[in-house]
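Asker: Pasting the sequence and the predicted model now:
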Amino acid sequence: MMTNKENGPLVSVIVPVYRAEKWINQCVDSLLGQSYRNIEVILVDDGSPDRSGAICDEYAASDSRVKVIHQPNGGVSVARQTGMDNATGEYTIHADPDDWVEPTMIEELVAKAIEEDADMVICDYISEHNYGQEYNRMDLPLRPTADDLLRRLLLQQLHGSCCNKLVRRACSNGVRFTQDMRVFEDEFFNLKILLSGKVRQVSYLAKAFYHYRMNNESSLCHTINENTIRSHFVMLEYLTEVACVEENLLAERKKHVLVDMFISKRLDRMMTTFPEVHEQIVNGQRRYSVIRPVSSCLSIALRGWPRTAYVIYDLNMRALDFYQRFKKLIKH
């Protein structure tokens, strides 16, 4: 079932923009080139110091579907929330300014939403690496329940981004992005929507439309820093005190915090954080496995050899990087 491309429900596409002059043309062109025409593209210039804001204005001057909002830099959560506050569509979806989408993405997502009266439609996506593409399949039932999605998000078995999820805007009423989160803000937002109980019907479209650029080294998503760790704790506090999520799911989230601490070499801090889950990690990965280097090395670290474990992990990652580059050379 295809929707009316001109008169179907309005879709608001929200794009937080910061230091994106190198990629934003590809992103916005792919949005304005959608086969589904009834969209508004909300470009939120979050105090970008480069030409991103001016480029946004050029698009607004040439296409009435583009709305530009300039604001002082407040971070990605504030920018996304500004976009949501100014959205007027029946459905919303987000796009990052360094990514791009396939021409039929919105048309096919809206068609699925209408056909199944879905409050949320999830699709697959493609990771764009320096060494090539990777198809990321969500592996969901065709009509997953909101509870199933919530569990998968909590266990990090589902991509938390807002960019592969078309959502009925009414479902986000009263739900806001957490302002002081610089990473995981989209996953946290989706968790809060699902916990609100407003999502009645979810649909899964097993096709990839969204191209997620992984070789943008300036992206916050590709580095683990103190913002990453702090955002973990903000989310855990909410899940513990507000949502009252069951302890076994909280334990899985805590394990992911320890992984990020390990990868970012916060080794001493890792050894004293969440001691209640240390033994679970050790018992779950007693032997080293080359196909599970992160969990293996974390287990070694928590047995009392954190620096030795990190050296093993670093060597493993260097070998993997060499292998990927070697494969790329062979292809060319």
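Answerer: Happy to help now that I have it. Residues are numbered from 1 along each chain as shown.

Asker: Please settle this for me: is Val78 part of a helix?
Answerer: Yes. Per DSSP: H, G, I helix; E, B strand; the rest coil, Val78 lies within a helix segment.

Asker: That one touches Gln179, doesn't it?
Answerer: Yes. Between Val78 and Gln179 there is a contact under Cβ atoms under 8 Å: 5.5 Å. (Each C-beta comes from the backbone N, C-alpha and C, glycine too.)

Asker: Centre of the chain to stretch 143-161, how far?
Answerer: Here stretch 143-161 is found 13 Å from its chain centre; the criterion is Cα atoms, centre = their mean, to the nearest Å.

Asker: Strands along the stretch 1-150 of the chain, start to end?
Answerer: When assigned using DSSP state E, counting those that start in this stretch, the strands of the stretch 1-150 of the chain occupy the ranges 11-17, 39-46, 66-71, 91-94, 100-101, 120-129, 132-136.

Asker: One more: the stretch 201-332 of the chain?
Answerer: Going by DSSP E, counting those that start in this stretch, the stretch 201-332 of the chain shows strands at 202-213.

Asker: all helices of it, in order?
Answerer: 226-241, 247-263, 267-272, 278-284, 293-302, 306-331 (DSSP state H, counting those that start in this stretch).

Asker: now the strands of the stretch 1-150 of the chain as CSV including distance to Thr145?
Answerer: As requested, the strands of the stretch 1-150 of the chain are arranged in CSV below (distance: least, Cβ to Cβ, whole Å):
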stretch, distance to Thr145
strand 11-17, 24
strand 39-46, 29
strand 66-71, 34
strand 91-94, 20
strand 100-101, 27
strand 120-129, 11
strand 132-136, 22
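
Asker: the more surrounded of Val78 and Gln179?
Answerer: Taking neighbours as other Cβ atoms under 10 Å, Val78 and Gln179 compare with Val78 leading, 22 against 12.

Asker: contacting residues around the more buried one?
Answerer: Val78 is in contact with Asp46, Gln71, Phe177, Gln179, counting by Cβ atoms under 8 Å, 6 or more residues apart in numbering.

Asker: cool, Leu149 as well?
Answerer: Leu149 makes contacts with Met120, Ile122, Leu140, Leu158, Leu194, Val199, Val202, as judged by Cβ under 8 Å, 6+ apart.

Asker: Find the residue closest to the most centrally placed residue in the chain in space, skipping its chain neighbours.
Answerer: Nearest to the mean C-alpha position of the chain, by Cα atoms, centre = their mean, lies Ser161 at 2.6 Å. Sequence neighbours aside, Asp186 is the residue nearest to Ser161 in space, at 5.2 Å (criterion: Cβ to Cβ, 6 or more residues apart in numbering).

Asker: Need the buried ones from the contacts of Val78 selected in PyMOL.
Answerer: Here is the PyMOL selection string for the buried members of the contacts of Val78, based on 16 or more other Cβ atoms under 10 Å:
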select buried, resi 46+177
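
Asker: which of the contacts of Val78 lies closest to Ile330?
Answerer: Taking Cβ to Cβ as the measure, Ile330 lies nearest Asp46 of those, at 41.3 Å.

Asker: Verify the contact between that closest one and Val17 for me.
Answerer: Yes. At 6.3 Å, Asp46 counts as touching Val17 under the criterion of Cβ under 8 Å.

Asker: can you list residues touching both of those two?
Answerer: With Cβ under 8 Å, 6+ apart, Asp46 and Val17 have common neighbours Ala79.

Asker: quick one on the thing from earlier: what residues does the residue nearest to Ser161 make contact with?
Answerer: Asp186 neighbours (Cβ under 8 Å, 6+ apart): Arg80, His94, Gly160, Ser161, Cys162, Cys163.

Asker: Any regions of the protein where pLDDT drops low?
Answerer: 1-5, 215-222, 331-332 (pLDDT under 70).

Asker: that older thread, nearest to Arg151, of the helices of the stretch 201-332 of the chain?
Answerer: For Arg151, the closest of these is helix 247-263, at 7.0 Å, according to Cβ to Cβ.

Asker: tell me which residues in stretch 6-15 are buried?
Answerer: Gly8, Pro9, Leu10, Val11, Ser12, Val13, Ile14, Val15.

Asker: swap that for stretch 227-245, sorry
Answerer: The neighbour-count check on stretch 227-245 (16+ other Cβ under 10 Å) flags Asn227, Thr228, Ile229, Ser231, His232, Met235, Leu236, Tyr238, Leu239, Ala243, Val245 as buried.

Asker: do the same with stretch 82-93
Answerer: Quick answer for stretch 82-93 (16+ other Cβ under 10 Å): Thr82, Gly83, Met84, Ala87, Gly89, Glu90, Tyr91, Thr92, Ile93.

Asker: same deal with stretch 35-44?
Answerer: Tyr36, Asn38, Ile39, Glu40, Val41, Ile42, Leu43, Val44.

Asker: where's the second one relative to Asp63, distance?
Answerer: If you measure Asn38 against Asp63 using Cβ to Cβ, to the nearest Å, the figure is 13 Å.

Asker: now do the third one
Answerer: Using Cβ to Cβ, we find Ile39 at a distance of 10 Å from Asp63.

Asker: what does the first one give?
Answerer: Shown here: Tyr36 relative to Asp63, a distance of 15 Å by Cβ to Cβ.
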